[in-house]
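S.K.: what's the 3D shape of this:
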Amino acid sequence: MTTQQLMSDRLRLVPVTVETCIAELEKSPKLSALLDADIPGCWPPPLVTEETLHQFISMLQADEVRLCSWYWIQTSRILNGRDILIGGGGLFTNDDNSCELGYSVLTDFQNQGYATEAVKAILTYAFSVRDVEQIYAHTYPYLVPSVRVLQKSGFLFNGPGKEEGTIQFLISRKTAD
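M.R.: Numbers count the residues shown, from 1 in each chain. A predicted model of the protein is given here:
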């Protein structure tokens with residue numbers, strides 16, 4: 001699976017690669033160069049751990065790559081001429097060709113519409129470029145901003161989630177059109 005850079009009004013979505021994951025694990029300034037963006041001192045966002053990065057590397061090196069993920073970079077027109085890394089997220093393809101969506105945004109950039117903007121760009125990519133029929137997302141019901149991102153992006157509540165206490169949302173190619 002080839003992942004391409006995506007653009008939205010305020011964001012540049014840069015594909016996650018083995019090289020970027022290694023640079024991130026090493027806390028190397030190379031990550032900033034690879035992304036052509038500043039890396040805030042509060043990076044990474046919630047839920048992005050060393051274990052997550054090792055899992056990403058394994059998935060990206062697999063014979064059949066099922067991970068399609070991006071770094072979310074706020075474009076420079078908002079800051080002093082330098083782009084800044086604010087979050088990340090993407091898709092994992094299941095055996096039935098459905099996908100699961102996951103994302104995380106730095107606290108300072110939450111509740112400003114960035115996640116919705118990025119998710120909509122990812123959905124457009126998935127439904128126009130890839131042979132995807134359904135995309136699922138899981139969250140906790142008390143994470144109201146996350147629920148709102150999914151609702152504003154066209155996802156519909158679909159019952160209990162995979163993990164205890166979570167709920168599932170679904171969007172299909174038919175409902176996304």
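S.K.: And Tyr103, how close does it get to Leu91?
M.R.: Per CB to CB, to the nearest Å, Tyr103 is found 10 Å from Leu91. To be clear about C-beta, it is placed using only N, CA and C from the backbone, and glycine gets the same treatment.
S.K.: can you check Val132 too?
M.R.: For Val132, the distance to Leu91 - CB to CB - is 8 Å.
S.K.: The two: which has the busier surroundings?
M.R.: Leu91 (27 against 22; other CB atoms under 10 Å).
S.K.: in what helix or strand does that one lie?
M.R.: strand 84-93 (DSSP states H and E).
S.K.: helices or strands up against that strand?
M.R.: Contacts defined by 3 or more CB pairs under 8 Å, 6 or more residues apart in numbering; DSSP states H and E place strand 84-93 against strand 67-74, strand 99-105, helix 114-129.
S.K.: same thing but 6 Å
M.R.: Packing partners of strand 84-93 (3 or more CB pairs under 6 Å, 6 or more residues apart in numbering; DSSP states H and E): strand 67-74, strand 99-105.
S.K.: Paired strands for the longest one, with orientation please.
M.R.: Within its sheet, and counting by DSSP bridges, strand 67-74 is paired with strand 11-15 (antiparallel), strand 84-93 (antiparallel).
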